[in-house]
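[1] With the sequence up front, the predicted model follows.
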Amino acid sequence: MEKQKLVLIGNGMAGINCLEEILKLQPNHFDIVVFGSEPHYNYNRILLSTVLQGGTKVEDITLHNREWYENHNIQLYTGETVISVDSKTKVVMTNHNREVSYDKLIFATGSVPFVLPIPGADKEGVVNFRTIEDCHKIIEISEKYKKAAVIGGGLLGLEAARGLLNLGMKVDVIHIASNLMERQLDPTAAKMLQLELECQGMNFLLEKATEEIIGDSKVEGLRFKDGSTIEADAVIMAVGVRPNVQMAKESGIETNRAF
């Protein structure tokens, strides 16, 4: 039987776990092509904070190396983004002008960081905390500057702040709510966590809504809605993610929320 062509958009944990199940159930049914926007093999994004905090290399959090793709005859294109899908002709096109046809298509495009829509969000020194490249940028910043502000007091923001402390930076954590990790912790537990992290060196500004990232071409500080300001050489955005469905929408593919 002639193999079908399976294209996977997204080289992250969800997409590759899906491929593993397909290979178990139908190991010889598909010729598989994978596109990943990042220039890396599949890695454990959950462990990114350990890379930032030091002591862990990218290779240590890699889940599937080059040999795994080769052993399963998977054609992998890293650092290449699918920009459109023609569902009528069953063809995907990438930002490298590559066109690949498919019989079956899997979307596993994950999420993109939410960036606060405020003045100055595009200044030099503003970094998200989502990818290996983000980790490298933050480490480079720590080698030049000493004062960082983390916007977001959820788990991701606190992990980023801990990494910045390890890198030798002074850290302010700004959070719009009155308690850290308010979706996971009650006020008592949140206060206990805050006290422990303050002992580790973090400074917290709670119930603060960031209005502007100030400075000329690069970050110099933050201004809040109450008019107060702080100085900062770098700003780490850790204010959540949004589903990465824009390309699907632009290609005319219906999207919806899961329940």
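    Perfect, I can see it now.
[2] all strands of the stretch 151-259 of the chain, in order?
    170-175, 203-206, 210-214, 221-224, 229-231, 234-237, 241-243 (DSSP state E, counting those that start in this stretch).
[3] Determine which of those shows the lowest mean per-residue pLDDT.
    Among the strands of the stretch 151-259 of the chain, strand 241-243 carries the lowest mean pLDDT, a mean of 92.
[4] Which neighbouring elements make contact with it?
    In this structure, strand 241-243 packs against strand 111-113, with contacts taken as 3 or more C-beta pairs under 8 Å, 6 or more residues apart in numbering; DSSP states H and E. All C-beta spots, glycine's among them, are computed from the backbone N, C-alpha and C.
[5] so what does the next helix or strand after the strand it packs on touch, helix or strand wise?
    Using DSSP states H and E, the helix or strand that directly follows strand 111-113 along the chain is strand 126-128. The helices and strands touching strand 126-128, judged by 3+ C-beta pairs under 8 Å, 6+ apart, are helix 132-144, strand 234-237.
[6] Using CSV, please lay out the strands of the stretch 151-259 of the chain together with mean neighbour count and distance to Pro27.
    As requested, these are arranged in CSV below (neighbours: other C-beta atoms under 10 Å; distance: least, C-beta to C-beta, whole Å):
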stretch, mean neighbour count, distance to Pro27
strand 170-175, 23, 48
strand 203-206, 16, 52
strand 210-214, 20, 51
strand 221-224, 19, 53
strand 229-231, 15, 56
strand 234-237, 26, 42
strand 241-243, 13, 31
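[7] Output those strands in JSON lines; the columns should cover distance to Gly54.
    Formatted as JSON lines, the strands of the stretch 151-259 of the chain follow (distance: least, C-beta to C-beta, whole Å):
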{"stretch": "strand 170-175", "distance to Gly54": "15"}
{"stretch": "strand 203-206", "distance to Gly54": "21"}
{"stretch": "strand 210-214", "distance to Gly54": "27"}
{"stretch": "strand 221-224", "distance to Gly54": "26"}
{"stretch": "strand 229-231", "distance to Gly54": "25"}
{"stretch": "strand 234-237", "distance to Gly54": "16"}
{"stretch": "strand 241-243", "distance to Gly54": "25"}
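[8] Of these, which is nearest Val51?
    Within the strands of the stretch 151-259 of the chain, the stretch nearest Val51 is strand 234-237; the backing value is 14.4 Å (C-beta to C-beta).
[9] Can you list the neighbours in contact with that closest one?
    Residues outside strand 234-237 that contact it (C-beta atoms under 8 Å, 6 or more residues apart in numbering): 113-116, 121, 125-129, 138, 141, 145, 147-152, 157, 160-161, 164, 169, 213, 219, 222.
[10] still on that earlier bit, between the helices and strands packed on strand 126-128, which one is closest to Gly201.
    helix 132-144 (14.1 Å).
[11] How far off centre is the closest one?
    When C-alpha coordinates are averaged (C-alpha atoms, centre = their mean, to the nearest Å), helix 132-144 and its chain have centres 14 Å apart.
[12] Would you mind checking the average pLDDT for that helix?
    Across helix 132-144, the average pLDDT comes to 93.
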